Structure formats: structure tokens, C-alpha cells
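[1] I'd like to go over a predicted model; first the sequence, then the structure.
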Amino acid sequence: QVQLVESGGGLVQAGGSLRLSCAASGGTFSNYAMGWFRQAPGKERDFVAAISWSGDRLVTADSVKGRFTISRDNAKNIVYLQMNSLKPEDTAVFYCAARWWYASTFPGDYDYWGQGTQVTVSS
């Protein structure tokens, strides 16, 4: 059983930056691909970025490409989401998720989820 805890969310002005972290425990972190998703009020949970178990394959949603970067540190059991040039439309609860081995862009493919961290971008 893998437990995931996100941190790093908050309130930021448009154009600013935040770095989200997701700490994993309870499993062999390097066996899992990791993903970041977000959900705005009244909307579905959307894919943001994913990274393979080894970190050599990254997938990023078109809506955040060039602004958000996913990375991982398998020695520390942490996955990061660096968010730059934030926009008001990025406001959402951000979730990290884990699945065995291969990365996916589909929320239903992930087995473990964190509780989420709120990101609010003011205009």
C-alpha cells in the first residue's frame, strides 16, 4: 500500500511560480510511475504531467507544456511539479498519483492518490 502526501500549494499571483512535492511511503517508490492531475471546482480531474519509474520518460499536457515540469528523486521518494508562469486558469486542487511501472495520462489507470493540495492563482 502506497501513501502519498502532497505539499507546496498556496496562493500566488499570475506569472508567479510554485513547486509542488509529493512524498511517497509504503512501497518501493522506484517501481511506480507517478502522475500529477488537477481538478477545478465543477470540472473533471485532468491530467497535468507524468513520469516513468526511472524518470527518463516524461509526458506533459499541452495546456501546461513549457510552463510545468515534472521530476522525481527516487532516493528521497519524492516527485515534484515545478510550475512557472502560472495563470488564473491553473487554479485547482492538484493531486499526485502512483501506478505500477508505466506512466499514463488517464486518472483511472492510477492505483494510489494523495489528498490533494490547493493552488490558487490570482489575476
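    Sure, I can see it.
[2] and the residue nearest the centre of the chain, what are its bridge partners?
    By Cα atoms, centre = their mean, the chain has its centre lying nearest to W36, at 2.4 Å. For W36, the beta-bridge partners are A49, C96 (DSSP bridges).
[3] For this structure, which segments count as strands?
    All strands of the chain, identified by DSSP state E, fall at 3-7, 10-13, 18-25, 32-39, 45-51, 58-60, 68-73, 78-83, 92-100, 112-113, 117-122.
[4] could I get those strands as JSON lines with mean pLDDT and distance to F106?
    For the C-beta atoms, the positions are set from N, CA and C on the backbone; glycine is no exception. Output for these, formatted as JSON lines (pLDDT from 0 to 100; distance: least, Cβ to Cβ, whole Å):
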{"stretch": "strand 3-7", "mean pLDDT": "97", "distance to F106": "17"}
{"stretch": "strand 10-13", "mean pLDDT": "98", "distance to F106": "28"}
{"stretch": "strand 18-25", "mean pLDDT": "97", "distance to F106": "18"}
{"stretch": "strand 32-39", "mean pLDDT": "97", "distance to F106": "9"}
{"stretch": "strand 45-51", "mean pLDDT": "98", "distance to F106": "7"}
{"stretch": "strand 58-60", "mean pLDDT": "96", "distance to F106": "11"}
{"stretch": "strand 68-73", "mean pLDDT": "97", "distance to F106": "16"}
{"stretch": "strand 78-83", "mean pLDDT": "98", "distance to F106": "18"}
{"stretch": "strand 92-100", "mean pLDDT": "97", "distance to F106": "10"}
{"stretch": "strand 112-113", "mean pLDDT": "98", "distance to F106": "13"}
{"stretch": "strand 117-122", "mean pLDDT": "98", "distance to F106": "21"}
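[5] and among the ones you listed, the most buried is which?
    strand 32-39 (a mean of 25; mean count of other Cβ atoms under 10 Å).
[6] I'd guessed W113 sits against Y95; true?
    Yes - the pair W113 / Y95 is scored as a contact, 5.7 Å apart, by Cβ atoms under 8 Å.
[7] list the contacts for V5?
    By Cβ atoms under 8 Å, 6 or more residues apart in numbering, the contact list for V5 reads 22-23, 25, 114-115.
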